[in-house]
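[1] The sequence and its predicted three-dimensional model are supplied below.
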Amino acid sequence: MQKLINILAITSFAMTASVAGAAGYVYLQREKIAESIRETVMKEVTGAIPAIVESFVGEAMKNIAPPVPSVEAPTGQSEIEVKPLF
């Protein structure tokens, strides 16, 4: 019975030490980890911006009326044909 308790105690110590070691490593390397995450996010965002802008501009252009053509003064015509924009 004592052997089992000793094995459990050693296992518990090893697990606690590994968790503390991992926490210490993350704490000491937090700037490198944060910079790595920042770079990854910036790459993804920078790559996605053209597609986002293109889709936004495409949607905005659908909601804008077509350009009105310039009309010159009629020469000899009494009536002007007016075409609807939509």
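    Nice, I can see it. Numbers count the residues shown, from 1 in each chain.

[2] which SS class is Pro84?
    Three-state assignment for Pro84 (DSSP: H, G, I helix; E, B strand; the rest coil): coil.

[3] Could you check how far it is from Lys43?
    48 Å (CB to CB, to the nearest Å). Where C-beta positions appear, they are placed from N, C-alpha and C, glycine not excepted.

[4] Could you pull up the mean pLDDT of the helix or strand containing Ala22?
    Element membership for Ala22, per DSSP states H and E: helix 2-28. Averaging pLDDT along helix 2-28 gives 96.

[5] quick revisit: same drill for Pro84 and Lys43, tell me which one is more crowded.
    Per other CB atoms under 10 Å, whichever of Pro84 and Lys43 has more neighbours is Lys43, with 10 against 4.

[6] tell me the angle the helix or strand where that one lies makes with helix 2-28.
    Per DSSP H and E, Lys43 falls inside helix 30-62. With axes from the mean of the first three to the mean of the last three CA atoms, to 10 degrees defining the directions, helix 30-62 sits at 60 degrees from helix 2-28.

[7] in the protein, which residue is closest to the centre?
    Centroid-nearest residue in the chain: Val45, 4.6 Å away (criterion: CA atoms, centre = their mean).

[8] Against Glu31, how distant is that residue?
    21 Å.

[9] again, but for Lys3
    45 Å.

[10] re earlier: check which residues of the helix holding Ala22 are buried.
    By 16 or more other CB atoms under 10 Å, helix 2-28 has no buried positions at all.

[11] Cool, thanks, talk later.
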